[in-house]
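K.L.:
Fold the following and give me the result.
(one chain, ligands or ions: 2)
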Amino acid sequence: MAYDFDLLVIGAGSGGVRCARIAASYGARVAVAESRHWGGTCVNLGCVPKKLFVQASEFGDIARDSHGFGWNTQPGTHDWPSLIAAKDREITRLNGIYVSMLEKAGVTLLTGHARFVDSHTLRIDPAALDPDATPRTVTAERIVIATGSTPVRPDIPGAELAITSDEAFHLPQRPERVVIVGSGYIGIEFAGIFAGLGSKVDLIYRRDLPLRGFDEDMRTALAEAITTRGITQHAHANPTRITQEGAEYAVTLDNGQTLRADCVFLATGRRPKIDGLGLENTTITTADSGRIVVDAHSQTTQPGVYAIGDVTDRINLTPVAIAEGHILADSLFGSAPPRQWSFNTTPKAVFFSPPLATVGLTEAEAAQTGAVDVYMTRFTPMRHTLGGRKDRKTVMKLVVAQDSQKVVGVHILGDDAPEMLQAVAIAVTAGLTKADFDRTIGIHPTSAEELVTLRTRTRETPHTP
Ligand SMILES: Cc1cc2nc3c(=O)[nH]c(=O)nc-3n(C[C@H](O)[C@H](O)[C@H](O)COP(=O)(O)OP(=O)(O)OC[C@H]3O[C@@H](n4cnc5c(N)ncnc54)[C@H](O)[C@@H]3O)c2cc1C
Ligand SMILES: NC(=O)c1ccc[n+]([C@@H]2O[C@H](COP(=O)([O-])OP(=O)(O)OC[C@H]3O[C@@H](n4cnc5c(N)ncnc54)[C@H](O)[C@@H]3O)[C@@H](O)[C@H]2O)c1
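P.N.:
Ligands and ions are numbered 1, 2, ... in the order given. The predicted model follows:
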């Protein structure tokens, strides 16, 4: 049978765009369908606007820090609508770059919501991106699902009164008081953003420490940094309902407390986006909360249909979705073996102020396979000695496997941690040892030089299978 396309990608986000572009570069006839925004979550409602907001939230402190260096700069006032407008202009520019990049690669752009009619046929209906688009039906030999994920709201009364990260990027005004539920990436990052811009922030989470899954010492250090930033933490707490009285919201917690705010922000996770995708017209299997099940080659249970990125709920980060898309295009259409990536040393960063970044194993994970040497340091970075924020500490931790002496984990909380960690991730991916770190000459004066000058072991952790 003659198909309209060799490959049709559903979703022009991080994974879909890369997959489409690389497949087209091999000469395949490729189309990509997008219903909402070119560039996907990362560009429109994720990494990019979030990082711009984080940067916006840091200028007040920079102005105050300058006094210790002899400046009399005043923090001034922040105009939220100006930030939103500037961010929107930048994102519109990026949307245009995505469209032209795809067009230049020879990819056909299909505007609309894609739905499986059968395993080779998709119906593309008008959607938010262009409500006037003409509906059409297209066929493809192979199809890639790269539809991403969407925020989850807990099942409590009044949950619909709250916002999620999707709405946070378009709030007309910055709330003076905000209650944030959830202390994963999004909860922590937005707590920092709103606090930095002057809002009173209450952060609610279920465990004893924020950021479950990260190294315990770093979670403790982050909890201290959150308090230092002026944010009130409510550990061991769950919201049971949200109510509204006029412009004010009340969040009732299961510890009996009630918090009042101008905005309630649910940062309680995301789920794979498979709504209205017509999966029932295929033999594709889903699991858990809608995760599309794939094999090691990103193929679903329907031969010829693949899935990449957040919709597969593996490691839900942009560079991972990009890598998965690239590998898939290489393997379907390339002549050389697919490009290789080291997914098990994927570095991660949480853009709080200061940020937390990490690569490799936590101390507890490393101890499961053998005894561990831990090296830690905690200090006030030079800039804050004169700047006055002496309680803004940097914490660094190296986790070293005792038998091989390989550095299997590096964790940093502090200014520029993500920038440092990206470079250190190369060393951890390469399997370098503590001796390799030790023979590396530092750059002075930097915080990063501590990574190569940590000589005294902080503790030894026994093998804890
Ligand atoms: C607030 C926030 C901050 C984040 N910050 C970071 C960060 O700093 N660093 C990082 O690495 N990751 C970050 N992420 C995660 C990152 O955005 C995702 O991991 C990444 O975007 C996943 O890419 P994807 O290709 O799987 O899906 P997406 O980028 O979500 O793209 C999916 C696309 O498919 C479209 N689509 C869905 N269904 C259909 C359909 N039926 N038909 C047509 N089109 C459809 C959607 O409109 C969307 O454009 C953040 C996420 C959020 C929410
Ligand atoms: N900097 C980055 O790289 C970055 C930034 C943002 C998002 N992301 C990606 O997006 C994903 C989603 O982010 P997220 O922060 O929404 O999810 P998350 O899974 O990181 O955190 C969700 C939080 O909500 C809590 N929670 C879940 N259900 C709850 C309930 N019913 N009541 C109270 N608390 C509840 C969880 O315990 C957890 O603390 C991340 O896991 C990450 O993969 C990455």
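
K.L.:
all strands of the stretch 351-465 of the chain, in order?
P.N.:
Residue ranges of the strands in the stretch 351-465 of the chain, as given by DSSP state E, counting those that start in this stretch, are 356-360, 372-379, 394-401, 407-413, 459-461.

K.L.:
Next, format the ones you listed as JSON lines and append mean pLDDT, distance to Glu216 and mean neighbour count.
P.N.:
Glycine gets a C-beta too; all of them are placed from N, C-alpha and C. Compiled in JSON lines, the strands of the stretch 351-465 of the chain are given as follows (pLDDT from 0 to 100; distance: least, C-beta to C-beta, whole Å; neighbours: other C-beta atoms under 10 Å):
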{"stretch": "strand 356-360", "mean pLDDT": "98", "distance to Glu216": "12", "mean neighbour count": "25"}
{"stretch": "strand 372-379", "mean pLDDT": "98", "distance to Glu216": "11", "mean neighbour count": "19"}
{"stretch": "strand 394-401", "mean pLDDT": "98", "distance to Glu216": "10", "mean neighbour count": "24"}
{"stretch": "strand 407-413", "mean pLDDT": "98", "distance to Glu216": "10", "mean neighbour count": "27"}
{"stretch": "strand 459-461", "mean pLDDT": "97", "distance to Glu216": "11", "mean neighbour count": "13"}
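
K.L.:
For ligand 1, which of the ones you listed is the nearest?
P.N.:
The closest approach between ligand 1 and any of those, judged by C-beta to the nearest ligand atom, belongs to strand 356-360 at 11.0 Å.

K.L.:
Parallel or antiparallel, list what pairs with the closest one.
P.N.:
Strand 356-360 has the following strand partners under DSSP bridges: strand 348-350 (antiparallel), strand 407-413 (antiparallel).

K.L.:
Out of those strands, the one nearest ligand 2 is which?
P.N.:
Evaluated with C-beta to the nearest ligand atom, the strands paired with strand 356-360 place strand 348-350 nearest to ligand 2, the distance being 5.4 Å.

K.L.:
For that closest one, give the mean pLDDT please.
P.N.:
Mean pLDDT, strand 348-350: 98.

K.L.:
One more: stretch 423-432?
P.N.:
Here the mean pLDDT over stretch 423-432 is 98, rounded to a whole number.

K.L.:
With stretch 96-104 instead?
P.N.:
Averaging pLDDT along stretch 96-104 yields 98.

K.L.:
Next, format the strands paired with strand 356-360 as JSON lines and append distance to ligand 1.
P.N.:
Formatted as JSON lines, the entries for these read as follows, by distance: least, C-beta to the nearest ligand atom, whole Å:
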{"stretch": "strand 348-350", "distance to ligand 1": "7"}
{"stretch": "strand 407-413", "distance to ligand 1": "16"}
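
K.L.:
Could you save the ones you listed as a markdown table and add columns showing distance to Phe437?
P.N.:
A markdown table is the format used below for the strands paired with strand 356-360 (distance: least, C-beta to C-beta, whole Å):
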| stretch | distance to Phe437 |
| --- | --- |
| strand 348-350 | 20 |
| strand 407-413 | 6 |
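
K.L.:
just to revisit the earlier point, how about JSON lines for the strands of the stretch 351-465 of the chain, with distance to Val43 added?
P.N.:
Conversion of the strands of the stretch 351-465 of the chain to JSON lines gives the following (distance: least, C-beta to C-beta, whole Å):
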{"stretch": "strand 356-360", "distance to Val43": "22"}
{"stretch": "strand 372-379", "distance to Val43": "36"}
{"stretch": "strand 394-401", "distance to Val43": "31"}
{"stretch": "strand 407-413", "distance to Val43": "27"}
{"stretch": "strand 459-461", "distance to Val43": "41"}
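
K.L.:
residue contacts, whatever residue of the stretch 101-250 of the chain ends up closest to ligand 1?
P.N.:
Nearest to ligand 1 in the stretch 101-250 of the chain, going by C-beta to the nearest ligand atom, is Gly148, at a distance of 2.2 Å. Under the criterion of C-beta atoms under 8 Å, 6 or more residues apart in numbering, the contact list for Gly148 reads 11, 13, 40-41, 272-273, 309-311.

K.L.:
again, but for Asn95
P.N.:
Contact criterion C-beta under 8 Å, 6+ apart gives 37-39, 43-44 as the residues in contact with Asn95.

K.L.:
What parts of the stretch 201-350 of the chain come near ligand 1?
P.N.:
Remark: the part of the stretch 201-350 of the chain in contact with ligand 1 comprises 273, 277, 309-311, 316-319, 321, using C-beta under 6 Å from any ligand atom.

K.L.:
ok, back up a step: out of the contacts of Gly148, the closest to Leu122 would be?
P.N.:
Nearest to Leu122, judged by C-beta to C-beta, of the contacts of Gly148 is Gly11 at 11.9 Å.

K.L.:
The closest one contacts Glu34, doesn't it?
P.N.:
Yes. Taking C-beta atoms under 8 Å as the contact criterion, Gly11 and Glu34 are neighbours in contact, 6.6 Å apart.

K.L.:
Tell me which residues of the longest helix belonging to the chain come out buried.
P.N.:
In terms of residue count, the longest helix belonging to the chain (DSSP state H) is helix 80-104. Buried residues in helix 80-104, defined by neighbour count with 16 or more other C-beta atoms under 10 Å: 83-84, 87, 91, 94-95, 98-99, 102.

K.L.:
ditto for stretch 18-32
P.N.:
Along stretch 18-32, the positions that meet the burial threshold by neighbour count (16+ other C-beta under 10 Å) are 18-24, 28-32.

K.L.:
Report whether it contacts ligand 1.
P.N.:
No. Stretch 18-32 is not in contact with ligand 1 by C-beta under 6 Å from any ligand atom; minimum separation 8.3 Å.

K.L.:
shouldn't Ala448 be in contact with Met420?
P.N.:
Yes. Here Ala448 lies in contact with Met420, judged by C-beta under 8 Å, at a distance of 4.9 Å.

K.L.:
show me the contacts for the residue of the stretch 351-465 of the chain found nearest ligand 1.
P.N.:
Nearest residue of the stretch 351-465 of the chain to ligand 1: Phe351, at 6.1 Å (C-beta to the nearest ligand atom). The contact partners of Phe351, by C-beta under 8 Å, 6+ apart, come to 50-51, 54, 189, 192, 418.

K.L.:
let's go with 6 Å and repeat that
P.N.:
Contact analysis of Phe351 by C-beta atoms under 6 Å, 6 or more residues apart in numbering lists 54, 189.
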